[in-house]
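Participant: everything below, folded, please.
(2 chains)
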Protein chains: 2
Amino acid sequence: MRTNPLRTETKLEVGLAQINPTVGDFQGNREKICSYIDAAEEAELDLVVFPELAVSGYPVWDLANKKRFVLEGLKSLALIVRTTKRKRVTVVVGFIDLAAEKRGKNYNAVAVIRNGRIIQKQYKTLLPTYDVFLEEIFFAPARKHSLFSLRGISVGTTICEDIWDDPYPVKPAQLLAKRGAKLLINVSASPYHREALARRKATVLRKAKAYGLPVIYVNQVGGQDDLIFDGRSFVCNSKGQICFQAAAFKEGLFPVSIDLNSSARRPQTSLRSAGTDDVQEMYEALILGLRDYIRKNRFKKVVIGISGGIDSALVATLAADALEPESVIGVSLPGPYSSQHSLKDARALAQNLGIEYRVVSIRQPYARFIREAISDKRRRKVAPVEKKSITVAMENLQARLRAIELMYLSNDEGALLLTTGNKSELAMGYSTLYGDMCGGLSVLGDVYKTDVYRIAHYRNSLGKVIPDSTLRKAPSAELRPNQKDRDSLPPYSILDQILRHYIERNMSFDEIIKALAAKRISAGMVRRVLRMVDHNEYKRRQLPPSLRITQKAWFGRRMPITNRFES
Amino acid sequence: MRTNPLRTETKLEVGLAQINPTVGDFQGNREKICSYIDAAEEAELDLVVFPELAVSGYPVWDLANKKRFVLEGLKSLALIVRTTKRKRVTVVVGFIDLAAEKRGKNYNAVAVIRNGRIIQKQYKTLLPTYDVFLEEIFFAPARKHSLFSLRGISVGTTICEDIWDDPYPVKPAQLLAKRGAKLLINVSASPYHREALARRKATVLRKAKAYGLPVIYVNQVGGQDDLIFDGRSFVCNSKGQICFQAAAFKEGLFPVSIDLNSSARRPQTSLRSAGTDDVQEMYEALILGLRDYIRKNRFKKVVIGISGGIDSALVATLAADALEPESVIGVSLPGPYSSQHSLKDARALAQNLGIEYRVVSIRQPYARFIREAISDKRRRKVAPVEKKSITVAMENLQARLRAIELMYLSNDEGALLLTTGNKSELAMGYSTLYGDMCGGLSVLGDVYKTDVYRIAHYRNSLGKVIPDSTLRKAPSAELRPNQKDRDSLPPYSILDQILRHYIERNMSFDEIIKALAAKRISAGMVRRVLRMVDHNEYKRRQLPPSLRITQKAWFGRRMPITNRFES
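Facilitator: Numbering: from 1, shown residues only, chains lettered A, B, ... in the order given. You can find the predicted model right below:
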């Protein structure tokens, strides 16, 4: 029998505080959190929920093992707690709690705060350790699970993976349900990839139904190195139906009215607001990832080598969209085998985007270098192959002379060089180390070539900036006369299918042959593709952070370089 | 009561098969394993023990999740099993066993083989997930623990981490002892770092004593990307005393007689054979790591930019020692601020080593580039800073012009470029991305500058090759007139202490100040060093594999680039 004189409420006004924190910026994150708490109080909300590790930002990797980092976070949390004094709103916020034992690991935790006091703490139980997650390294799991009471309602709190309990023997959400929870909170930092939202909903809605609990799911938003967090926080009822869905890739306080008695599906916003168009999604994800890397690392400008080709055109467009066009410098670096139309297309793109545009030729330095190489070989009595053919060394040289110019500009003007290579090329090693692979951030490193085109077309549909001829012409590195990608690679439509099967679905050679049987792709071609992927591991090892948009990015794929196995 | 008519033996002739496998080379590894089994049979040994995952090599990372990889290993194991038919020797060999459930993880396993049959399998229970280990990602843990019988003796088998049981609730070695094991085998792939042997012995000997079991500890030897496995397999008695210690960094079948009744300490080889001299150890580790990277990736030649400075001199020396001098090309690339003595020292080094030596000046390309940059700025109505001072962009340019020459040679002649930067420099970002950071393998990336000197002196004590002036002169990048490292960095003796505290011991700013109080190091200097380490994370993200010799190499350190925290 409840002794509380108040009747148990069934209605709650909840704020989903879908914030974009910066890792290690305790002050900035705290100010943001406090301003959201103020807004929630102002709006007379009962509850405001922040994402996983909102106090420090997520992921923190080895920072979680730095005691000073944890203490700094606890100080920040204490200041947050203080600001809740004499406020009515209950606050749920993610932070790192200090290890129970001296040499133990710390906890990925949530604090429930009310009126100047932490009324409950809950640690994370299930520590994802796969793909881009390595939490077993950094955190200790929860051993206890408890509830807190909100206007007479028993509420259980889980942290991200806690609700993805299928592969684990312990099921924290189920435990909390058994202890009498009537409402479940899940604070998350769940990164975007193209299948993320569908999987997330499928899992969380299924769990809501299985455990008979409405779920408030709050996800972080924003870019952090390779990872892009998409937000899209939501609320579902105990029947596993979505009642509210917050915007994708946008920071904000999203207020939702929850009625625990009503199981009716009452969407409070368009369920399509998150964008079911996967091309638009990729575009918005890349914009956010790019903008946040620049902003959080305090760059003012970016520089991009624009060749007239589709990859660099898309990167320049994304940069101009993510930042101000004035913050973007495009440089064309025509070489001995660059076509006139390439330069024309690059110039047209720059004009369309309104970005600064420069041209620096590498023809003379290239010719001089080759002349020197030839006379050096003659001095050493070696036959100069450079007289007869264009070697790989000569192709790479062109890419590297461009990189030298771009890096000089980058260092001289403090502009971050953006890397333009796409996932299909990086997979095949169709890229030059210290050449076109140079840069502080790889924007398209996880975008297949066919998707590069799709995103470019989508962007042009919002306002045409990428020239038609860039979209139409056959891809070419222009490192030798009349070179076309299709001369040395399968058509991208086929290549990308093979790559998806191999990289994302982890299929073997035989499985890929079987899966693509209807497409009449030769076994020899598949074999060649897989070999090239394997053989070029060494190049990808030196890739800068590369914005992740697929379920298996290079960052979450761990392959030895020294490896004689053929898949 | 035993029904076996034979008396229980107390003496065993055991072979420690300390082999150097190549990851994914199932045929090569199998041929090696079979030849060791033949040798063991020939020598009338009772038992021959191979390292962890000997069939596939270790570590395999994501390859462990490829079904074809596991099946290939099982095929290889079956062939090994077949060769044991009608042999007397019992074989213990590490392999990957297929998951019990369809979508489950596979097992890191050991097979005990006798006379054409696998008589027992044991899976690994404790899956290390920290530092350079991520086994929770790749393997499922053992749930069962059993023994096998060898000439009437009950033998338990553990795999590597299984015996490092302090932090774990489950203790496989203890379980096996309780089930009646009289002898414990541990098959390992335990990588070298400077404290590795001491820790390994301290732990294994303590466990031998605690569980009252003699231990046969067999470790892999050889290089695999960043990691160097040092071998130094050993046998200890149940009192935790070493009876036999195999050589460091060397492949071989080491036969040992074990008497289970005798607890006398009977060293069968010099216990110092492993080299207690830590400088010699580092030297030998680097040689092995370098040689195996070259050999296993099938390079025939390496190229090194030799500046006359200590780092490149040591890398060239290690390369000449690890390979044939004929396989090493040294190139001096004098620039506008290179001193005459540097060129002289580089030439002397090359002569001493007997390696090919070339000189390629970057003075003209540099002067031309700067002239172009100035006239380009004038065209754009920008004041050319290049007229007045030597900027960071201009310093980096020199390093990058050198890299272009070296990479041209590398591509043209198929010679792997070795990276020469040391750990102290990489920590401080005192290195140029796409300049001196170029290369396929970083040889000294985990070697502090003070250790670079120690190793160089040690090598010279075996036969003088590095010129005195290289050893004596103040370190300088020679990227501006009269530049010395000490102008912008603390003395290396102090810097390295700060770095060790920060990187290896994970100390905070306050803790470092306290630890170094007696040295009167200014707080400002410590703060500056830590900031530089943090700020240069982005450069290290693009570092090639870097041979690991300390307990915390870059490879096992996971820090976000986007990070506003100050330690």
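Participant: A:Asn563: how many residues sit nearby?
Facilitator: 24 (other CB atoms under 10 Å in any protein chain shown). Just so you know, the C-beta spots here come from the backbone N, C-alpha and C atoms, and that holds for glycine as well.
Participant: ok, and the closest non-adjacent residue to it?
Facilitator: In space, and not counting its chain neighbours, A:Asn563 is closest to B:Gly24: 4.4 Å by CB to CB, 6 or more residues apart in numbering or on different chains.
Participant: A:Glu566 too?
Facilitator: Going by CB to CB, 6+ apart, A:Glu566 has A:Arg531 as its nearest residue, at 6.9 Å.
Participant: that older thread, which residues are in contact with the residue nearest to A:Asn563?
Facilitator: Residues near B:Gly24 by CB atoms under 8 Å, 6 or more residues apart in numbering or on different chains: A:Pro560, A:Asn563, A:Arg564, A:Phe565, B:Ser56, B:Gly57, B:Val60, B:Leu63, B:Phe69.
Participant: could you dump these into TSV and include pLDDT and secondary structure?
Facilitator: As requested, the contacts of B:Gly24 are exported to TSV (pLDDT from 0 to 100; DSSP: H, G, I helix; E, B strand; the rest coil):
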residue	pLDDT	secondary structure
A:Pro560	97	coil
A:Asn563	97	coil
A:Arg564	95	coil
A:Phe565	95	coil
B:Ser56	98	coil
B:Gly57	98	coil
B:Val60	97	coil
B:Leu63	97	helix
B:Phe69	97	helix
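Participant: for B:Ile19, state which of those is nearest.
Facilitator: B:Gly57 (9.6 Å; CB to CB).
Participant: OK, contacts around the closest one?
Facilitator: B:Pro21, B:Thr22, B:Val23, B:Gly24, B:Asp25, B:Asn29, B:Gln224.
Participant: can you verify the second one is assigned to a strand?
Facilitator: No: read with DSSP: H, G, I helix; E, B strand; the rest coil, B:Thr22 is coil and lies in no strand.
Participant: now do the phi/psi pair for it.
Facilitator: As for B:Thr22, its main-chain torsions (degrees, to the nearest 10) stand at phi -120, psi 130.
Participant: circling back to that earlier point, how deep is the residue nearest to A:Glu566 tucked in, by neighbour count?
Facilitator: 14.
Participant: what about it, distance to A:Leu288?
Facilitator: 36 Å (CB to CB, to the nearest Å).
Participant: same question for A:Cys243.
Facilitator: Distance from A:Cys243 to A:Leu288, by CB to CB: 25 Å.
Participant: now the helices for the stretch 1-150 of chain A?
Facilitator: A:26-42, A:67-83, A:135-138 (DSSP state H, counting those that start in this stretch).
Participant: please see if the second one touches chain B.
Facilitator: Same thing as helix A:67-83. Yes: legend: contact between helix A:67-83 and chain B by CB under 8 Å from any CB of the partner chain is shown at A:Lys67, A:Arg68, A:Phe69, A:Glu72.
Participant: only the buried subset of these, as a ChimeraX command please.
Facilitator: To isolate the buried members of the residues of helix A:67-83 next to chain B in ChimeraX, using 16 or more other CB atoms under 10 Å in any protein chain shown:
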select /A:68,69,72
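Participant: quick check, nearest of the residues of helix A:67-83 next to chain B to chain B?
Facilitator: A:Arg68 (4.1 Å; CB to the nearest CB).
Participant: tell me how far the nearest residue to that closest one once chain neighbours are set aside lies from A:Ser522.
Facilitator: Among residues not flanking A:Arg68 along the chain, B:Ser508 sits closest, at 4.1 Å (CB to CB, 6+ apart). Between B:Ser508 and A:Ser522 the distance, using CB to CB, works out to 59 Å.
Participant: out of those two, which sits in the more crowded spot?
Facilitator: Shown here are B:Ser508 and A:Ser522; by other CB under 10 Å, B:Ser508 has more neighbours (18 against 10).
Participant: distance of that one from B:Asn563?
Facilitator: Computed as CB to CB, the B:Ser508 to B:Asn563 distance reads 15 Å.
Participant: got the contact list for A:Pro544?
Facilitator: Under the criterion of CB under 8 Å, 6+ apart, the contact list for A:Pro544 reads A:Thr419, A:Gly439, A:Gly440, A:Leu441, A:Ser442, B:Tyr538, B:Arg541, B:Gln542.
Participant: now render the residues you listed as TSV, adding pLDDT.
Facilitator: Formatted as TSV, the contacts of A:Pro544 follow (pLDDT from 0 to 100):
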residue	pLDDT
A:Thr419	98
A:Gly439	98
A:Gly440	98
A:Leu441	98
A:Ser442	98
B:Tyr538	97
B:Arg541	97
B:Gln542	97
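Participant: returning to that earlier point: wait, which of the contacts of B:Gly57 is closest to B:Tyr337?
Facilitator: Nearest to B:Tyr337 among these is B:Gln224, at 39.1 Å by CB to CB.
Participant: do you know how far the closest one is from B:Pro141?
Facilitator: In terms of CB to CB, B:Gln224 sits 23 Å off from B:Pro141.
Participant: what parts of the stretch 101-250 of chain A come near chain B?
Facilitator: A:Thr129, A:Tyr130, A:Leu134, A:Glu136, A:Ile137, A:Gly223, A:Gln224, A:Asp225.
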